[in-house]
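Undergrad: need a structure here:
(chains A and B)
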Amino acid sequence: MIAAVDLATVWAFIIAFAVFVYVVMDGFDLGLGMLFPLFPAKADRDVIMNTVAPVWDGNETWLVLGGGGLMAAFPLAYAVLMPALYTPMIAMLIGLVFRGVAFEFRWRTTAARNRWDIAFAAGSLLATLAQGIALGAILQGVRVEARHYAGGWWDWLTSFSLLTGVALVIGYCLLGATWLILKTEGALRDKAYRASWVLLFAMLAAIALVSIATPFLNIQYAQRWFAWPGIILAAPVPLAVAAVTALLMRSLAAKQDSRPFLLTLAFFALSYAGLGISMYPYIVPQSITIWQAAAPQNSQIFMLVGVAGLLPLILGYTGWAYWVFRGKVRAGSGYH
Amino acid sequence: MLSNLDPIVIARAQFAFTMSFHIIFPAFSIGLASYLAVLEALWLWTGREVFLNLFQYWLKIFAIAFGMGVVSGIVMSYQFGTNWSAFADKTGPVIGPLMAYEVLTAFFLEAGFLGVMLFGLERVGPRLHFVATLMVATGTLISAFWILSANSWMQTPAGYAINPEGQFVVADWFKVIFNPSFPYRLVHMVLAAYLTTSLVVGAVGAYHLLRDQHLAGPRMMFSMAMWMAALVAPIQILAGDQHGINTLEHQPAKVMAMEGHYQSHKDGAPLVLFGLPDQAAGRVDYAIEIPKLSSLILKHSLDAPLAGLDTVPRENWPPVPITFWSFRIMVALGFLIFALGLFSLWARWRGTLFNSRPLHVFALTMGPAGFIAVLAGWITTETGRQPFTVYGLLRTADAASPLAAPAVGSSLLAFVIVYFIVFAAGAIYILRLMASSPHHGERGPSGDMPARAAGITPAAGVAGQGALS
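TA: Reported below is the predicted structural model:
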């Protein structure tokens, strides 16, 4: 029994890790898509595209690992959550289709380039909004009866899920803007600095609103955050958010190109840890714990062997790919 | 309007639609990735510019096809949960790990090295770049391994037990992965991908040869493609025959549907060439038959008895008309590909490979034949598995999500509209690239870069690495 408990927890952390890597990696390239309207010049857009063209496909693979891993390690959770999040999931997939093909298509046509730029921006926005709404819909809980989702197909739509949707849009845009600070120079980078300031304040407001709203969703979250012993884990999170905010503002003011992106990643890590503290040990809040959803031990062990051996390797060659394309991307020196 | 329809029918239509669009891209990119690896190896080995030009030419096409494969594949990985949640819950412990291994061993490998393959030749130098190409090509094959293992398990489940929650759980991983139909399906599909690619490459070569017989690039690609078609088509026919015999052993009802055998035959079953299967009446109208040939093919004996669907309970019948026709389309195309291969061998022997117009016209018309054959083959095997999702164990009707018809119907409509816009555009861009002939100093996907010395050699590529990094 102890072994089973540990295995489910280990897998909860693996899935959480995959989703986190997805959020920050695809987060910045979805953010770039949403920032496209700020950069109408073709030369700027070419540079922005080229900062992610070699790596976007790898970034998106983490989403497949998150989804596939969830089905493999916690099939019940996957089977309940996907129908519950039906509309946001389909919207996300369609958004990802549009902006994924835009990476290649916009270089293959001059007449319709602008249309694929719009597809890139709108697809990124749709996918992000859908992911944020899905997060809110999971946090507010879904109705489950006898291993099935038992709610309607509009249950996900509440003011809370819309709030988390908008919050994620702001967050990804901030990731995208700070990525541009890291990868570009000149007027393009200066514009990204200005956008980052605005987005940072919007992000702080969004975090505040979501943090205030979350404990009121149901009793469990409030206890976790305001009662002993949850408060030991929970209390340092807001303090750390404040510290990261101060550092991020300083690096933006001092124009240290490499820092703001890393600090925004820290920002995301803290918010994500906060979510984890709220949810654990539920994988479907209020209904299904990670132990109830867990696949049989031999399935989880079989995959754990693969993850233990392959994940370091994957991180290694993914890191190498980023290293190959390191440094600032200049206009006219694109890969396309 | 939609609420009158059966949500399961719509969900099946949606899966069939998204899957049919998706399978086109892997069928092409598995073969093309291997072809690119061969081209780059030949370039590194011989230093001949024609191989580099062909590599860069097909790399641009690969980039678009691969991108469309990725986005349509992500849709598939979530379809199991959104539309088939009961299936996901019940088979997750068996199928889930196979797909997780596909992500870990194949998708990351492809995605991780794709950027370097597409854009990194000048940055990492030819040798490391070749490693990246090999990794992408290997990734596509590993991906085929896992996903075909998962699909084959649904066709011929083995090594499983059923737990109190009604889930399939694994008793023996080796038996699950190497289930009875898997080796046959894997060989058949990978050969199909290679044939599909060789037909596309051959058609593009033929198209340019029809306009100018002296172009080095089209001559080389046409010759390579015709070797491939001539060598692989007969192997594929043998592999298909073996796959059919394996299906007869493990999924007899599917073979009965493919053959149009509603009735049992005690002493030698006829091969129905054509006819109109009538599912309600349980017979094939206007059948044109060759006596005893079906027994000869399936049992290797003229008088061997063959059971028909009259031995199978009616509620377990697969839809015969679809299976029957899709099977015939696949087989007919297979023999046409075989004929193309023979024609090319004859032309090669006569020395007219590059100036036989009939051969070029034939090869050009056969360009899409691989895709159609792959689709027809998948329709045969998936429809022939019905009415089960996991053959004999889990009915399709019991596998769907608890969703109302309007939800599934609107998402189907959305996918249809989006896919036709996106994939039509992609097809146009690919055809546009194919319409121009590979030329001296061909640039890959990094072709918009400022002009450099055309026709880099492996040595110059190494020097270029120093200059750019």
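
Undergrad: residue 309: neighbouring residues, count only.
TA: Just so you know, I chose chain A. 11 (other C-beta atoms under 10 Å in any protein chain shown). To be clear about C-beta, it is placed using only N, CA and C from the backbone, and glycine gets the same treatment.

Undergrad: the chain in question should be chain B.
TA: 23.

Undergrad: what's it in contact with, if anything?
TA: B:Ala253, B:Met256, B:Ala257, B:His261, B:Tyr262, B:Gln263, B:Gly282, B:Trp317, B:Val320 (C-beta atoms under 8 Å, 6 or more residues apart in numbering or on different chains).

Undergrad: could you find the lowest-pLDDT member of those residues?
TA: Within those, B:Gly282 has the lowest pLDDT, namely 84.

Undergrad: how far away is the closest residue to that one other than its chain neighbours from chain A?
TA: Excluding the flanking residues, the one nearest B:Gly282 by C-beta to C-beta, 6 or more residues apart in numbering or on different chains is B:Tyr262, at 4.6 Å. As judged by C-beta to the nearest C-beta, to the nearest Å, B:Tyr262 and chain A stand 37 Å apart.

Undergrad: mind checking how far B:Tyr262 is from B:Val416?
TA: Going from B:Tyr262 to B:Val416 by C-beta to C-beta, to the nearest Å gives 34 Å.

Undergrad: same thing with A:Leu175?
TA: A:Leu175 is 33 Å from B:Val416, by C-beta to C-beta.

Undergrad: same question for A:Phe226.
TA: Noted for A:Phe226: a distance of 49 Å to B:Val416, by C-beta to C-beta.

Undergrad: mind putting the contacts of B:Leu309 in a markdown table, neighbour count and secondary structure included?
TA: Converted to a markdown table, those look like this (neighbours: other C-beta atoms under 10 Å in any protein chain shown; DSSP: H, G, I helix; E, B strand; the rest coil):
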| residue | neighbour count | secondary structure |
| --- | --- | --- |
| B:Ala253 | 27 | helix |
| B:Met256 | 28 | helix |
| B:Ala257 | 29 | helix |
| B:His261 | 27 | coil |
| B:Tyr262 | 20 | coil |
| B:Gln263 | 16 | coil |
| B:Gly282 | 15 | coil |
| B:Trp317 | 17 | coil |
| B:Val320 | 25 | helix |
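
Undergrad: from those, which is closest to A:Ala195?
TA: The closest of those to A:Ala195 turns out to be B:Ala257 (C-beta to C-beta; 60.1 Å).

Undergrad: any idea what sits nearest that closest one, other than its immediate chain neighbours?
TA: B:Thr323 (4.0 Å).

Undergrad: count the neighbours of the one you found for me.
TA: 27.

Undergrad: and for the one 10 residues further on?
TA: Applying other C-beta under 10 Å, we find 22 residues neighbouring B:Leu333.

Undergrad: could you do A:Ser258 as well?
TA: 10.

Undergrad: distance from the helix or strand that contains B:Leu340 to the middle of the chain?
TA: In this structure, B:Leu340 sits in helix B:320-350 according to DSSP states H and E. Distance of helix B:320-350 from the chain centroid (C-alpha atoms, centre = their mean, to the nearest Å) equals 16 Å.

Undergrad: and the pLDDT at B:Arg50?
TA: For residue B:50 the amino acid is Val, not Arg. Confidence for B:Val50, expressed as pLDDT, is 91.

Undergrad: next one: A:Glu104
TA: 84.

Undergrad: for it, grab the count of nearby residues.
TA: By the criterion of other C-beta under 10 Å, A:Glu104 has 23 neighbours.

Undergrad: the one 4 residues further on now?
TA: With neighbours defined by other C-beta under 10 Å, the count for A:Arg108 comes to 21.

Undergrad: ditto for B:Phe335
TA: By the criterion of other C-beta under 10 Å, B:Phe335 has 11 neighbours.

Undergrad: what helix or strand does the closest residue to it other than its chain neighbours sit in?
TA: Nearest residue to B:Phe335 in three dimensions, chain neighbours excluded: B:Ile237, at 7.5 Å (C-beta to C-beta, 6+ apart). Of the helices and strands defined by DSSP H and E, B:Ile237 is found in helix B:216-250.

Undergrad: repeat for A:Gly327
TA: Judged by DSSP H and E, A:Gly327 forms part of no helix or strand.

Undergrad: the stretch 151-300 of chain B: strands as residue ranges?
TA: Secondary structure of the stretch 151-300 of chain B by DSSP state E, counting those that start in this stretch: the strands cover B:160-162, B:168-170, B:271-278, B:283-290.

Undergrad: ok, now which ones touch A:Leu252?
TA: Counted by C-beta under 8 Å, 6+ apart, A:Leu252 has contacts A:Tyr193, A:Ser196, A:Trp197, A:Leu200, A:Pro260.

Undergrad: what's the nearest residue to the second one if we skip its chain neighbours?
TA: Same thing as A:Ser196. Closest to A:Ser196 by C-beta to C-beta, 6+ apart is A:Ala177, at 4.4 Å.

Undergrad: buried set for the helix or strand harbouring that neighbour?
TA: Taking DSSP H and E as the criterion, A:Ala177 maps to helix A:159-183. The neighbour-count check on helix A:159-183 (16 or more other C-beta atoms under 10 Å in any protein chain shown) flags A:160-161, A:163-183 as buried.

Undergrad: can you tell me the average pLDDT over that helix?
TA: 94.

Undergrad: beyond that helix, next helix or strand please.
TA: helix A:186-213.

Undergrad: report all helices and strands that the helix holding B:Leu340 contacts.
TA: With contacts taken as 3 or more C-beta pairs under 8 Å, 6 or more residues apart in numbering or on different chains; DSSP states H and E, helix B:320-350 sits against helix B:182-211, helix B:216-250, helix B:252-259, strand B:271-278, helix B:357-365, helix B:369-385.

Undergrad: try it again with 10 Å
TA: Here helix B:320-350 touches helix B:182-211, helix B:216-250, helix B:252-259, strand B:271-278, strand B:283-290, helix B:357-365, helix B:369-385, going by 3 or more C-beta pairs under 10 Å, 6 or more residues apart in numbering or on different chains; DSSP states H and E.

Undergrad: for chain A, see how far away B:Ile421 is.
TA: 9 Å.

Undergrad: what average pLDDT does the helix or strand in which that residue is found get?
TA: Applying DSSP H and E as the criterion places B:Ile421 in helix B:405-435. Model confidence over helix B:405-435, given as mean pLDDT, is 90.
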